[in-house]
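1. 3D model of this:
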Amino acid sequence: MAWHSASLESILAMIVAVLFAVAGVVNLAGLGAVKRDFARWGYPAWFHLLCGALELLSAALLFGQQTRVLGLTLAGAILVAALFTLLRNREPFGHVAPALVFSALVVVTVALRG
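-> Okay, the predicted model is just below:
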């Protein structure tokens, strides 16, 4: 059973890493609604770059077995901040749902490390 949990944990960590890498690239590119949303939420113009860089760092840390706990911790902190921002600004559920899914994946991955 332990092997299965470890394998599932690694698979979920890789999924979370890929999702954070994609989110990081999207935020760094700042295309479409990204810059507009960050401005609407009251963040400085450069904040999407910081978020993108932190998301990419989290993804990179998640890929390494030795750095995975740090990557999960950073991912969790990013998601707490994202959910806080989305809820504080009363974003529609369609905007909150992806952050909830990411959060659930992080929580399950942490639980499987157990």
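2. Touching, residue 96 and residue 87? I think so.
-> Yes: Residue 96 lies in contact with residue 87 (CB atoms under 8 Å); the separation is 6.9 Å. Placement of C-beta: from N, CA and C, glycine included.
3. Please say which of the two ends up with more neighbours.
-> Counted by other CB atoms under 10 Å, residue 96 and residue 87 do not tie: residue 96 has more neighbours, with 15 against 11.
4. Backbone dihedrals for that one, both of them.
-> Backbone geometry at residue 96, expressed as degrees, to the nearest 10, gives phi -80, psi -30.
5. if you skip the residues just before and after it, what's nearest to it?
-> residue 86 (4.9 Å; CB to CB, 6 or more residues apart in numbering).
6. list the contacts for the one you found?
-> By CB atoms under 8 Å, 6 or more residues apart in numbering, residue 86 lies in contact with 95-96, 99.
7. From residue 102, how far out is it?
-> Going from residue 86 to residue 102 by CB to CB, to the nearest Å gives 12 Å.
8. now do residue 92
-> From residue 92 across to residue 102, the span is 17 Å (CB to CB).
9. So between those two, which is more surrounded?
-> Between residue 92 and residue 102, residue 102 has the larger neighbour count (other CB under 10 Å), namely 21 against 8.
10. That one and residue 18 touch, don't they?
-> No: counting by CB under 8 Å, residue 102 does not reach residue 18; the two are 11.3 Å apart.
11. and the lowest-mean-pLDDT helix or strand in the chain, how far from the chain's centre?
-> The least trusted helix or strand in the chain, going by mean pLDDT, DSSP states H and E, turns out to be helix 2-29, with a mean of 91. Centroid separation between helix 2-29 and its chain, computed with CA atoms, centre = their mean, to the nearest Å, is 9 Å.
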